[in-house]
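Enquirer: Sequence first, predicted model second:
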Amino acid sequence: MSEAQSSFRESRLDEIRREASQFGTVQQAGIRAAGSPLPKASPQTGYYQQHLLKEPQWTPLVPLYFFVGGASGSLGVIGSLADLIGENDDLARKARHMATAGSTISSVLLIADLGRPSRFLNMLRIFKPQSVMSVGSWVLSGFSAFAAASTLADILDTQIDGSPIATFLRTIGRTGCTVLGMPFHNYTGVLIGATAIPVWNNRVRSLPREFGMSGLQSAVSLLELSGETDSNALNAIGLVAAAFETWEGIELLRTRDRELAPTKQGLTGALIQTAGVLSGPLPIALRLASLFTSRRRRRLRQAAALSGIIGSLCLRYGWVAAGTVSARDWRIPLNIPEPDASTSFDRRAADSLTRRTP
């Protein structure tokens, strides 16, 4: 650098310092070095291509919590209704015990994600109807208590036949599991839908229904894998749940909104589309086939159950990962059109975002 250039730069720095000292701001134009790695802010590139929304900070335990909670809530309802009808006492008892175990595991998973038990207890200090998280925490706590009451009633019955305490606990537990089991099996869909994450918010109305039907199919599948493969009622419930999930998958594919691109492309799209097949058409085919054979009925029903459980897990992990990818797309919050108007999503950006998804 020559002496003249050095003197010019020093004088310019002195001028900038005087202006900053006198007015508090500097109005002079800055200089961007040639070849600088820093991008320019513009309507086309957004704010330095940085995503504006905070990514979900959940650990991999949260999608598992979604799965266990959805299945537990549905098991509680199935156990209560089966107990009320009284045609299959073994199925009712098994569903109640699974619901109790599932609610306990759900609490453990949630506390593990939060880091300390005190954080979960702090969520129960007040009840906020406008907060999905607050309502969900109270539903989880209440459902766990009622499921435990039902299980305790079964234990008392084995020790003291016709015990009035057991009758009271069974009535209270059955009623509570029915009332709280229904919101417990789908509130996680409401939880992620009521956010600013574009891909989740776009499906705010359908995610609760999709998670609820997935939880119902998981509950039926768990019961069938435990040996309850002769119940026509369970098979019918599984068919209905799979039909709903098939319809949801078709509706998702038909929707061309740019916010839904992570559900159709990249690793997240592969997970969600795989979940749609494993939770919808495949279980339907296997369950219908089991109606026309007696020799292979058990294997077909258990294959459908296994497919439904794997699909349910893929669904939750896929949607959570899609939320992470969607939060990194800075164009949607700024309402900036895609570079290529012929496509609904920037494939190169989607691939790079998907590769960075944990």
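Expert: Sure, I can see it. Computed from a predicted model, the values in this text were never measured in an experiment. Numbering: from 1, shown residues only.

Enquirer: Could you use CA atoms for every contact and neighbour count after this?
Expert: OK.

Enquirer: Just the pLDDT for L156.
Expert: Here the pLDDT value assigned to L156 is 87.

Enquirer: OK, contacts around it?
Expert: S163, A166 (CA atoms under 8 Å, 6 or more residues apart in numbering).

Enquirer: T229 sits in which helix or strand?
Expert: According to DSSP states H and E, T229 maps onto no helix or strand at all.

Enquirer: ok, the closest residue in space to it that isn't next to it in sequence - contacts?
Expert: Nearest residue to T229 in three dimensions, chain neighbours excluded: R298, at 5.8 Å (CA to CA, 6 or more residues apart in numbering). Each residue near R298 by CA under 8 Å, 6+ apart is listed here: T229, D230, S290.

Enquirer: Would you confirm that F66 contacts T188?
Expert: Yes: assessed by CA atoms under 8 Å, F66 is found in contact with T188 at 6.3 Å.

Enquirer: Please parse this structure into its domains.
Expert: 57-185, 196-358 (automatic domain parsing).

Enquirer: Out of these, which gets nearest to G24?
Expert: The closest of the domains of the chain to G24 is domain 196-358. By CA to CA, the value is 30.6 Å.

Enquirer: What residues of stretch 272-289 count as buried?
Expert: 272-284, 286-288 (16 or more other CA atoms under 10 Å).

Enquirer: Repeat that for stretch 155-170.
Expert: L156, D157, A166, T167, L169, R170.

Enquirer: Verify the stated contact: R328 with E55.
Expert: Yes: contact status for R328 versus E55: in contact at 7.2 Å, counting by CA under 8 Å.

Enquirer: Can you give the distance from stretch 83-101 to the centre of its chain?
Expert: 27 Å (CA atoms, centre = their mean, to the nearest Å).

Enquirer: can you tell me which helix or strand W58 belongs to?
Expert: Per DSSP H and E, there is no helix or strand for W58.

Enquirer: what bits of the protein have low per-residue confidence?
Expert: 1-2, 25-49, 162, 339-358 (pLDDT under 70).

Enquirer: And R328 and E55? Which one has more around it.
Expert: R328 (23 against 15; other CA atoms under 10 Å).

Enquirer: show me the contacts for the more buried one.
Expert: Q50, H51, L52, L53, E55, L353.

Enquirer: mind running it again at 6 Å?
Expert: H51 (CA atoms under 6 Å, 6 or more residues apart in numbering).

Enquirer: phi, psi of it?
Expert: Backbone torsions for R328, taken as degrees, to the nearest 10, come to phi -80, psi -10.

Enquirer: list the buried ones in the host helix or strand of V190?
Expert: Using DSSP H and E, V190 falls within helix 187-193. For helix 187-193, burial by neighbour count (16+ other CA under 10 Å) applies to Y187, T188, G189, V190, L191, I192, G193.

Enquirer: Just put the residues you listed in JSON lines and tack on distance to I250.
Expert: Listed next are those as JSON lines, based on distance: CA to CA, whole Å:
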{"residue": "Y187", "distance to I250": "23"}
{"residue": "T188", "distance to I250": "22"}
{"residue": "G189", "distance to I250": "18"}
{"residue": "V190", "distance to I250": "21"}
{"residue": "L191", "distance to I250": "23"}
{"residue": "I192", "distance to I250": "21"}
{"residue": "G193", "distance to I250": "19"}
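
Enquirer: Please identify the one among the residues you listed that lies nearest to S106.
Expert: Distances from S106 to the buried residues of helix 187-193, taken by CA to CA, are shortest for T188, at 12.1 Å.

Enquirer: what's the spacing between that closest one and G249?
Expert: 18 Å (CA to CA, to the nearest Å).

Enquirer: Using CSV, write down the CA coordinates of stretch 98-106.
Expert: Taking Å, rounded to 0.1, in the frame of the first residue of the first chain, the C-alpha atoms of stretch 98-106 are listed here in CSV:
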residue,chain,number,x,y,z
MET,A,98,-51.0,-50.5,28.5
ALA,A,99,-52.6,-47.0,28.9
THR,A,100,-51.1,-46.8,32.4
ALA,A,101,-47.7,-47.9,31.2
GLY,A,102,-47.9,-45.5,28.3
SER,A,103,-48.9,-42.5,30.3
THR,A,104,-46.0,-43.2,32.7
ILE,A,105,-43.5,-43.5,29.8
SER,A,106,-44.9,-40.3,28.3
